[in-house]
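[1] model the structure of this input:
(one chain, ligands or ions: 2)
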Amino acid sequence: MQTNFTLAQLADPAIESVNGILRSCVHCGFCTATCPTYVLLGDELDSPRGRIYQMKSFIEEDRPPTAEEVKHIDRCLSCLSCMTTCPASVHYMHLVDHGRAHIEERYRRSLIDRLTRAFIALVLPRPGLFRAMLIAGSLARPFRALMPKRLRTMLDLLPPKLPAPGWADRAAVFPAADAASGSAPVGNRAGKRVALLAGCAQQVLGPQVNEATVRLLNRLGVEVVVTRPAGCCGALVHHMGRTEASHVQAKAMIDAWIAEADGRGLDAIVVNASGCGTTIKDYGHMFRNDPAYADKAARVAALAMDITEFLVRLDMGDVRAPEAMAVTYHSACSMQHGQQIKEPPLALLRSAGFAVKEPAEGHLCCGSAGTYNMLQPELAGRLKARKIANLKATAPDAIATGNIGCTMQLAGNAGVPVVHTVELLDWAAGGPKPAGIR
Ligand code: SF4
Ligand code: SF4
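    Numbering: from 1, shown residues only. Ligands and ions are numbered 1, 2, ... in the order given. Below is the predicted model of the structure:
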């Protein structure tokens with residue numbers, strides 16, 4: 001694609017990077033076929049190619065985007081299916097991240113939009129506040145009909161029951177074969193040490209995921225450290241275009257992990273929410289122009305691994321599913337497109353004895369996409385219905401996934417339990433049966 005940035009614009013490293021991305025697009029349109037919003041709406045402006053043109057226009061002209069342009073960029077899920085399909089390796093993620101930051105800086109949204117976004121950005125990355133808001137929300141349920149549409153949408157996303165806080169989310173060191181594992185070690189003792197991202201929303205909505213992760217790793221001979229601050233990696237606000245806030249959160253995690261790596265040492269930083277993993281692996285790019293953080297961020301990005309990437313390299317030993325079960329694996333977009341992790345979760349589940357199935361249209365997003373189901377409920381609902389139908393068609397006993405957002409989006413509608421892959425592996429290795437599995 002031809003671009004016309006001025007030399008002055010290109011002196012900005014961020015614009016230079018955008019220019020390179022835009023120039024790599026050859027307009028072929030292959031990406032449109034696998035873009036969920038284009039599949040639903042059939043509008044070129046809601047396709048990756050159409051969005052690339054729109055972002056080129058307002059970035060190149062260095063102007064505030066129009067309301068129409070913002071509508072189409074907002075409708076993008078950041079699912080990155082287009083990146084998997086693109087034959088020219090166009091880095092759509094970096095482009096849309098820049099486009100969203102440009103919108104955040106130069107476009108004035110309606111008051112209700114600004115309040116909704118500010119509320120989400122304030123609450124979701126802070127587990128204590130998020131928990132308090134969920135409790136308040138469940139108390140407010142009886143008054144749902146009296147509330148504005150935006151609040152009703154958020155109330156509808158609340159889980160029916162809030163789990164109690166977990167033991168694996170506090171800053172602590174969990175030694176290998178810790179008493180918490182409750183059973184004999186399995187596999188060849190790994191002798192490794194990893195940091196675990198405790199996360200933000202996940203520790204409130206699904207504390208059992210971190211517990212299963214720690215228990216399983218401990219049994220495999222891996223020491224796990226949850227560092228202080230045990231908080232958000234910055235992904236949630238980063239995808240809302242709030243660069244400054246995301247950098248503050250990311251820097252806190254980088255400092256904590258680098259201190260740990262330079263102290264007692266780390267073999268990996270294990271992440272069990274693929275949305276977070278995609279962002280942490282991108283820290284090197286996010287901080288490339290920050291002299292104080294560029295090296296540290298690149299080191300953290302190089303250490304980051306999804307839990308399934310880490311496990312597949314260990315000898316899991318004789319880990320067998322206690323019951324014959326058909327498990328349909330739903331690959332989160334951030335897993336299959338963002339991190340290009342496809343085979344490890346399937347291989348681990350199969351080797352643990354589960355009969356693994358995959359749904360039709362597995363490349364299409366379930367509509368969760370970080371905060372998308374709160375900000376774009378209509379499109380998110382259509383994608384969810386489509387995903388549920390495809391998952392149900394496989395007649396599973398359970399659905400496994402590797403991202404809390406997908407779990408929350410699908411749970412309650414799938415007709416079977418939706419669990420994290422690591423919960424099933426932990427069960428197969430002697431841990432407790434995941435909740436809901438009959
Ligand atoms: S990230 Fe997903 S929704 Fe956005 S343009 Fe690419 S394929 Fe479409
Ligand atoms: S597939 Fe890649 S090169 Fe082709 S239009 Fe889409 S982004 Fe551009």
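[2] roughly how far apart are the residue in the stretch 251-400 of the chain that ligand 2 sits nearest to and residue 201?
    The nearest approach of the stretch 251-400 of the chain to ligand 2 comes at residue 337, 13.1 Å away (C-beta to the nearest ligand atom). Where C-beta positions appear, they are placed from N, C-alpha and C, glycine not excepted. Using C-beta to C-beta, to the nearest Å, we find residue 337 at a distance of 20 Å from residue 201.
[3] who's in contact with residue 96?
    Counting by C-beta atoms under 8 Å, 6 or more residues apart in numbering, residue 96 makes contact with 51, 55, 73, 76, 78.
[4] I figured the last one hits residue 93, correct?
    Yes - between residue 78 and residue 93 there is a contact at 7.0 Å, judged by C-beta atoms under 8 Å.
[5] what residues does the one helix or strand residue 202 maps to touch?
    Residue 202 is part of helix 201-205, with elements assigned from DSSP states H and E. When contacts are defined by C-beta under 8 Å, 6+ apart, helix 201-205 is touched by residues 124-125, 127, 130-131, 134, 159, 162-163, 165-166, 169, 209-210, 230, 236, 272-273, 404-405, 407-408.
[6] out of those residues, who's near ligand 2?
    Restricting those to those within reach of ligand 2 (C-beta under 6 Å from any ligand atom) leaves nothing.
[7] which of those fall within helices?
    Of the contacts of helix 201-205, the ones assigned to helices by DSSP state H are 127, 130, 131, 134, 209, 210, 236, 404, 405, 407, 408.
[8] and the stretch 51-200 of the chain, which residues reach ligand 1?
    Residues of the stretch 51-200 of the chain lying close to ligand 1 by C-beta under 6 Å from any ligand atom are 51, 76, 77, 78, 79, 80, 81, 82, 92.
[9] how about these in TSV, adding neighbour count, distance to residue 379 and secondary structure?
    Formatted as TSV, those follow (neighbours: other C-beta atoms under 10 Å; distance: C-beta to C-beta, whole Å; DSSP: H, G, I helix; E, B strand; the rest coil):
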residue	neighbour count	distance to residue 379	secondary structure
51	26	14	helix
76	25	10	coil
77	25	8	coil
78	21	13	coil
79	29	12	coil
80	24	17	coil
81	25	14	helix
82	26	16	helix
92	27	18	helix
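[10] from those, which are also near ligand 2?
    residue 82.
[11] can you add distance to residue 361 and give the residues of the stretch 51-200 of the chain next to ligand 1 back as TSV?
    Below are these laid out as TSV (distance: C-beta to C-beta, whole Å):
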residue	distance to residue 361
51	21
76	18
77	14
78	18
79	12
80	16
81	11
82	15
92	20
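[12] please identify which helix or strand holds the nearest residue to residue 57 once chain neighbours are set aside.
    Excluding the flanking residues, the one nearest residue 57 by C-beta to C-beta, 6 or more residues apart in numbering is residue 69, at 7.4 Å. Assessed by DSSP H and E, residue 69 sits inside helix 67-74.
[13] that'll do, ta.
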